[in-house]
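In: Next one to model:
(chains A and B)
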Amino acid sequence: MAAGTGADIVSEFLSQNPHLVDWVESLRGYCETNKQWHARREFVLRNMEAFPTIQPGTPSPNLDRLLSLSMVWANHVFLGCRYPQPVMDKISEMAEGITVIAAPARKTRDEIMGKTKRPAVSELDYQGKKAKPNDPDVKAHAKSVLKSGPPPGAPAEHQPFFNRLYKAVAWKLVSAGGFGPNLEHYEILRSCVESCKATLSCVFVPLKDIPDLPMGRTQKEGQVCELRCCTVYVGTGYGRDECAAKAMASKEALKVFQGQKVTVKVCRRRFRGRDVDDLVLLDEQSRSQVFPPALSYPFQEDQ
Amino acid sequence: MGVPAFFRWLSRKYPSIVVHCLEEKAKEYNGIKIPVDTSKPNPNEVEFDNLYLDMNGIIHPCTHPEDKPAPKNEDEMMVAIFEYIDRLFNIVRARRVLYMAIDGVAPRAKMNQQRSRRFRASKEGAELVEEKQKMREEVIQRGGYLPPDGIKERFDSNCITPGTEFMDNLAKCLRYYVSDRLTNDPGWRNVTVFLSDASVPGEGEHKIMDFIRRQRGQPNHDPNTHHCLCGADADLIMLGLATHEPNFTIIREEFKPNQPRPCALCNQMGHEIKDCQGLAREKQGEHDEFADKLPVSEQEFIFIRLAVLREYLERELTMASLPFPFDFERSVDDWVFLCFFVGNDFLPHLPSLEIREGAIDRLVGIYKDVVHKTGGYLTENGFVHLERVELIMQAVGVAEDNIFKKRKDDDESFKRRMKDKKKRMKAQQGPSFVPRGQFAPQALGGRDRPMAVQNARHSAYEMRMQGNQRNQEAAQSLRAMIKNGKSVAETSDSADTRGVKRKAEDSDSEPEPEDVVRLWEDGWKQRYYKTKFDVDATDDEFRKKVVKSYVEGLCWVLRYYYQGCASWKWYFPFHYAPFASDFKDIKGMFSDFEKGTKPFKPLEQLMSVFPAASGNFLPTTWRALMTDPESSIIDFYPDDFAIDLNGKKYAWQGVALLPFVDERRLFAALAEVYPELTSEEVRRNSLGSDVIFVGKSHPLCDFIQELYRAESHEATEIPAEFCHGIQGILNLDEDPILPDKPVESPIPTLRDIRSSCAIGIKFKDPQYDDGFVFKAVILAGAKIPSKVLKPGDFEQGNRGRWRPQLGFNPNRQQAHLDQSGFRKLNHHVGMNQGAGQFGRGQSFEGQHSGGQYSNAPPPRTYNQGNYRPPRDNYPQNQYSSWQTPASSTPYTRFQQGAQGWDQSYQQNQQRGRGGWRPAHGKPDHRGGGGGGRYNWS
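Out: Residues are numbered from 1 along each chain as shown, chains lettered A, B, ... in the order given. All right, here's what the predicted structure looks like:
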């Protein structure tokens, strides 16, 4: 057993260095359990070499530093404390090779609060938090995004514009009598975008030219329209002709504006048979949405 | 103490200990405030000699109030503190002594609690700022309006710790305040003021206790001094009992639960920060004239009469046929000791004893059973007889198993009931057009149905008001919508989604944390030690260690309450308590504490109670020790720490698993940075002295002035005759406040005092020999105040009707209206409509004319539940006078008035009501103190 070997090593070491036995025992804290003390004793003994100035029996700042780090480690393992990252890095290095079996599972305050109080962190934030900087996957991922994809920070950059657009759309819909099927959806969207000093770009592709379509589709005629505003994808629609497709796409886009707010995010979409990161406008509750494949892609390397 | 729980329990069990304060408010004429003359008799019909302020109970609510917007800067905080003290002084009107004690460096035993509070406060503060920032952005993005944040820095409540600049500044401000009041306020003229600031070691309330104890030990002490101690901590009640002074009263803010709080973002009432929409502020009153008024009622104060508590305890604790003579004073001490098991600031409470489960009653019951076998009391002058305590603990231990099982049962049945209730509530909700209350549709054929409709107009009114409220809510949300520019269709559907979402949250927001200890199942003891202490059940040695520490703790705490701090160094080095059944063979576990221990220095204490995030209160080089990975005490300062909910629901109720401070390493590390302190910091780090202030007209003033004139630098004793027998040692102050000299105001908004009438000098409590034991007895010559409670044998005595005492004065004068008053009233009310109300003679008897002596405030929250209205609280003579009108002379005029006016109606009324006693059952009649119908206030 792992702890067994640890204890064996310690007792063997102490039998070879009998002069240390009393001294190391004097370092035990009054409230330490046997288990905690044995683990911490191993930590101290293993790391003594790194502090060559320590003279057993005489107090010194270096000894105190070692003791402090041993307490940091024990507090982390047994009490569940967390310390600033440099300290944590240091002790995890120092503790290499020491095994503690059945260390108590503790929940830190942050974990309790995070779970019970804060609203769910959005998926992207969550990934950002979870990922450790030296995680190879994330690095690779980051690279591919750099190569082709929206520039970092693009969502934040576009967000203020869409906040304005959101308001414009809301007012426009109020004057139009509310969102419904019998509106000039394209006109409403266009005028709102233009009132925000931007343009709406439409891309049309005949349906039959689109790859990745579900096999069972019988419809082969008609047009598909993709709307983008400031390179951010807002909606896709299908119609008999370009006009109908455009109207449909606008209607889809306006639907996004029915939530409490709109958010610009980076999402995975299919584009010409491969996955790309695209800027997408979402309402607040679109979880795990499946987007129609992109018809255009403004973030290619060659652009 | 398990703070609010203990007081709630006590005031429910012993309701008569609470007396509501009467407060004379300052009047305003033409916008000029006329201060209350506190030299006038106390409106509470009692005169207090000494007022003691546990200042930390004042500083906290004044610097970061919960029910109103926070003060903008430090100056405003100081002014708020001054006003608070003024208010207290106005209510209590102490005639001899005002003692202000700010918490100084605390004993090690307290430091662990302080540490855990400060680590939490620091994290909570940071979270609030974060949330505020987030909400602020969101609201502004949505187009809401928020008052500018300003550059106001977040007030870190952690700075209320001895050694910080804030506390130093506060001490200066209080010196100014005292000299100002001594100069200008007639009520202060003859008061001796003591100021014990944060530089004097010891917790505030214990410094006060030390003062009282040491004065009591002096031959010139007046045994009938009436003490009044201000503070909300429940252990003040214990401390007060521990003094054995017959006249001891505690004054505290009335605790009102669920007070509305302003939103931290926009400072408006009615919503929490997470619902803030940034709406424009609504006008308060037609012309916004109430804009600066407090939206909630001002906190009111209550007195807690320990003399009455002693009466109650005497009834409860008196035991017949004891094998040793019964001594009530000793049994009070034992009662105080038993309360420690349930919770105190220095020890975690035993797992089986929860105050909410009636733990104190259980302990008292066990105590009364066991005390026959112990052969004596558990404690004596603050020293514990451990072998007797062991008997008590063993008796608790026997019950432990059942307590845990019952706790589980109660818990389950509570949950079941709540679930059923929820279901019922859901089922009952119909569409809004279905009438409710007595008009609700009812199935035919039920028993006692249909009922006759009663008071239909009132019900209709209530329903209307409810509808109104809904309308208002709808209007509010509409306004919010328009403001945020959302379409109607959209908002209606978003409102739907919101409703749905919240419900979903509700259902899964209660995932009870799994309780791994399962105290209600066999093997609980093993599991408890395994999960809480991480030791195996076989580790008897460790368990003994915990018990030994706990036993030491009990001895330490009791000694702390009765004799003062026995050891500054001792502390309980675990996060949890052992079980009662583990207290075996405890007799030899404790002998005595280490002698000659010294308190920490203020900055050392800061280093041991602050998290790294509050390091800005410390000198740079000291601060570095909290963050530098190379620091030799870095282990004291975790960023984040585990919280064991320990069966509780919220993080703030749980146990913070913080590491303990190793004194040796702390001092070793600090030794290296001590030389870096500036002279100012050295001064802040040193221990100071109490200061005594008196006004010019005080007999002590000339004596002190003479000392300054003679520049006598040796300690001088206060002659006993100058100051009502108060004694102590005087030492010249280096920077004294002297009469006829100016005092500079430390606060820009307040004026300097051009020529003060105050004089200040250092004061030291009377000193006693090392082994001196303060006796916990009633002093010779002390008069026990007359009884307040209804004697148990009152009915047999056949002495007529019992008349409870509502305030301090047993012979309270009740006011009445005479004829002219009736005429005036009836003139205004109109003879024909509802005039009968004023014809009922008895209504007026219990009433008062608004005079300050008669306005007994109504009993309130504390009596909820088991409150029984005072049925018989009419002055005896008045009540009988109504029955036999001619017999009572002082009221004849009134009788004529009442009866002459409309006798027949009056009789009708009485018949209709079946006499007039049932009227007292109506809660709204409590207001009059006499149960009358017309409320004058």
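In: just for chain A, where's the confidence low?
Out: Residue ranges of chain A with pLDDT under 70: A:1-6, A:114-148, A:211-220, A:285-289, A:300-303.
In: Which stretches in it count as helices?
Out: For chain A, applying DSSP state H gives helices covering A:2-16, A:19-25, A:34-47, A:61-74, A:85-94, A:109-116, A:123-130, A:136-147, A:154-175, A:185-195, A:242-256.
In: Can you tell me what sits against the second one?
Out: So that's helix A:19-25. By C-beta atoms under 8 Å, 6 or more residues apart in numbering or on different chains, the list of residues contacting helix A:19-25 from outside reads A:14, A:41, A:44, A:45, A:56, A:57. Every C-beta, even on glycine, is put in place using the N, C-alpha and C of the backbone.
In: now swap in the fourth one and tell me
Out: If you take C-beta under 8 Å, 6+ apart as the criterion, helix A:61-74 is touched by A:27, A:32, A:36, A:39-40, A:43-44, A:47-48, A:50-51, A:53-55, A:81, A:83, A:87, A:90-91, A:94-95, B:630-635, B:659, B:662, B:665, B:668-669, B:672.
In: out of those, which are buried?
Out: Neighbour-count burial (16 or more other C-beta atoms under 10 Å in any protein chain shown) is assigned, among the contacts of helix A:61-74, to A:27, A:32, A:36, A:39-40, A:43-44, A:47-48, A:54, A:81, A:83, A:87, A:90-91, A:94-95, B:631-635, B:659, B:662, B:665, B:668-669.
In: Does stretch B:664-678 reach chain A?
Out: Yes - under the criterion of C-beta under 8 Å from any C-beta of the partner chain, chain A is reached by stretch B:664-678 at B:664, B:665, B:668, B:669, B:672.
In: Render the CA-only coordinates of that stretch in CSV, please.
Out: Listed next in CSV are the C-alpha coordinates belonging to stretch B:664-678 (Å, rounded to 0.1, in the frame of the first residue of the first chain):
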residue,chain,number,x,y,z
ARG,B,664,5.9,31.0,18.1
ARG,B,665,6.3,31.2,14.3
LEU,B,666,4.3,34.4,14.2
PHE,B,667,6.5,36.2,16.7
ALA,B,668,9.6,34.9,15.1
ALA,B,669,8.5,36.2,11.7
LEU,B,670,7.4,39.5,13.1
ALA,B,671,10.7,40.0,15.0
GLU,B,672,12.3,40.6,11.6
VAL,B,673,9.9,43.3,10.5
TYR,B,674,9.4,45.0,13.8
PRO,B,675,12.3,47.5,13.0
GLU,B,676,10.4,48.7,9.9
LEU,B,677,7.6,50.3,11.9
THR,B,678,7.3,54.0,11.8
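In: burial count for residue B:730?
Out: 20 (other C-beta atoms under 10 Å in any protein chain shown).
In: you'd agree it is in a strand?
Out: Yes - judged by DSSP: H, G, I helix; E, B strand; the rest coil, residue B:730 forms part of a strand.
In: The residue in the stretch 751-900 of chain B that chain A sits nearest to: what secondary structure?
Out: Relative to chain A, the nearest point of the stretch 751-900 of chain B is residue B:770 (27.0 Å; C-beta to the nearest C-beta). Secondary structure, three-state DSSP: residue B:770 is coil.
In: Now do the contacts for it.
Out: Residues near residue B:770 by C-beta under 8 Å, 6+ apart: residue B:595.
In: For residue B:400, give me its contacts.
Out: Counted by C-beta under 8 Å, 6+ apart, residue B:400 has contacts B:352, B:579, B:580, B:581.
In: any idea how far chain A is from the first one?
Out: Think residue B:352. Look at residue B:352 and chain A: by C-beta to the nearest C-beta, to the nearest Å, they are 22 Å apart.
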